[in-house]
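Engineer: Next comes the sequence, and after it the predicted model I'd like to discuss.
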Amino acid sequence: MAIQITGDPAADRVLSDDPFALLVGMMLDQQYPMEHAFRGPAKVLDRFGTLDPRRIAEADPEEFAALCATPPAIHRFPGSMAARLQALAALVVDDYDGDAAALWQEADSGRELMRRLTALPGFGKQKAQIFVALLAKQLDVRPEGWEQAAGGYAEPGFRSVADVVDEASLQKVRDHKKQMKAAARSAAAQA
């Protein structure tokens, strides 16, 4: 299945074709519109010429940060995200011999997949759960116990990037996020 998250067919193709790109897009998906975050890997590929984790990990940090900050930047915080991207690449090289897909393909359970994901730079429990749901829904990766690992993100609906397959579903996810933020603000105001 081809991933359709960004609204840009070329950027979506990068996500579909390169497991490391998908991992990077998920890492960048914070405090930034999701479709822009998931376009980040295509920007890096265009500017750096590769998404090879080894080359990214070994790149000069200042030069790599400048590349990531070139307009349009890969994130609203391009410097810190460039450093995090290099840390992610180094971890993929060190722990998975440069093969990002091994992270999920070799996980024998949802619990193991969650452990692996939460060890990544920029991945907390919620982001890891969303990524498990994304893998299951978009790539049909379902180790034993994946539903529990994905939490509520595995259920049908439009709650996260795992549910985005076109512009209409992207809007439904945005609407859900707005509702959740409004509910949180309301609860905080009442507390």
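Structural biologist: Here it is on my side, so go on.

Engineer: how about the longest helix anywhere in the chain: buried residues?
Structural biologist: Counting by DSSP state H, the longest helix found in the chain is helix 167-190. Burial within helix 167-190, assessed by neighbour count using 16 or more other Cβ atoms under 10 Å, is assigned to 170, 172-173. (Glycine included, C-beta is placed from N, CA and C.)

Engineer: Check the spacing between the residue with the shortest distance to the centre of the chain and residue 123 real quick.
Structural biologist: The chain has residue 26 as the residue nearest its centroid, 0.8 Å off, counting by Cα atoms, centre = their mean. Using Cβ to Cβ, to the nearest Å, residue 26 is found at 8 Å from residue 123.

Engineer: again with residue 172
Structural biologist: Distance of residue 172 to residue 123, given as Cβ to Cβ: 24 Å.

Engineer: Over to residue 48?
Structural biologist: Distance of residue 48 to residue 123, given as Cβ to Cβ: 22 Å.

Engineer: So for those two, which residue has more residues nearby?
Structural biologist: A count of neighbours by other Cβ atoms under 10 Å puts residue 123 above the other of residue 48 and residue 123, at 21 against 16.

Engineer: A strand includes that one, no?
Structural biologist: No: the assignment for residue 123, made by DSSP: H, G, I helix; E, B strand; the rest coil, is coil rather than a strand.

Engineer: ok, and the closest non-adjacent residue to it?
Structural biologist: Leaving out its chain neighbours, the residue that sits closest to residue 123 by Cβ to Cβ, 6 or more residues apart in numbering is residue 117, at 5.2 Å.

Engineer: That neighbour: neighbouring residues, count only.
Structural biologist: Counted by other Cβ under 10 Å, the residues lying close to residue 117 total 24.

Engineer: Return the member of the buried residues of helix 167-190 nearest to residue 137.
Structural biologist: Taking Cβ to Cβ as the measure, residue 173 is the one of the buried residues of helix 167-190 closest to residue 137, at 12.3 Å.

Engineer: got a list of what that closest one touches?
Structural biologist: Contacts here follow Cβ atoms under 8 Å, 6 or more residues apart in numbering; on that basis residue 173 touches 34, 158-161, 163-164.

Engineer: Perfect, that will be all.
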